[in-house]
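**Q** got a predicted structure plus its sequence, pasted below:
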Amino acid sequence: MRVLLKATMDTEKSNESLRSGKMPELLTEILDHIKPEAAYFGPLGGRRTALLVLDMKDSSEIPALGEPFLTEFNAEIEITPIMNGEDLQRGLGQLR
């Protein structure tokens, strides 16, 4: 199932990581570990946020996806099922 993982990082913890120079390395390690289809970063609600599109095979993957952001950046995590255009068309086709 395709999901959107939204990781909203704690400002103080991410500032610490940024000042120490560890943030680029930590983000690279996290992305290499969870292998998102796409990754986007920006300020949402005034806080550093990562938006990752992932193909989650089983709900048991949730800890491995979220924990790196929780432990390294004290982030708030949201995981939401999402669809691309093809998924939407297949889903709408089942309504008939």
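**A** Cool, the structure landed.
**Q** ok, longest strand in the protein?
**A** Counting residues, the longest strand found in the chain (DSSP state E) is strand 47-55.
**Q** quick one: average pLDDT of whichever helix or strand comes after it?
**A** Using DSSP states H and E, the next helix or strand after strand 47-55 towards the C-terminus is helix 62-73. Average pLDDT, helix 62-73: 95.
**Q** hang on, the earlier thing: ok, and for the longest strand of the chain, which residues are buried?
**A** By neighbour count, and taking 16 or more other Cβ atoms under 10 Å as the criterion, the buried residues in strand 47-55 are 48, 49, 50, 51, 52, 54. Backbone N, C-alpha and C define where each C-beta goes, glycine included.
**Q** and which of those is nearest to residue 40?
**A** Ranking the buried residues of strand 47-55 by separation from residue 40, with Cβ to Cβ as the measure, puts residue 51 on top at 4.5 Å.
**Q** spatially nearest residue to that closest one, not counting backbone neighbours?
**A** Excluding the flanking residues, the one nearest residue 51 by Cβ to Cβ, 6 or more residues apart in numbering is residue 40, at 4.5 Å.
**Q** does the one you found touch residue 50 like I think?
**A** Yes. Because the distance of 7.4 Å satisfies Cβ atoms under 8 Å, residue 40 is recorded as touching residue 50.
**Q** tell me the bridge partners for residue 41.
**A** Here residue 41 shows beta-bridge partners residue 50, assigned using DSSP bridges.
**Q** relative to residue 83, how far out is it?
**A** 22 Å (Cβ to Cβ, to the nearest Å).
**Q** next one: residue 73
**A** On the measure of Cβ to Cβ, residue 73 and residue 83 end up 28 Å apart.
**Q** compare those two and say which is more crowded by neighbours.
**A** Set side by side, residue 73 and residue 83 show more neighbours around residue 73, with 23 against 13, by other Cβ atoms under 10 Å.
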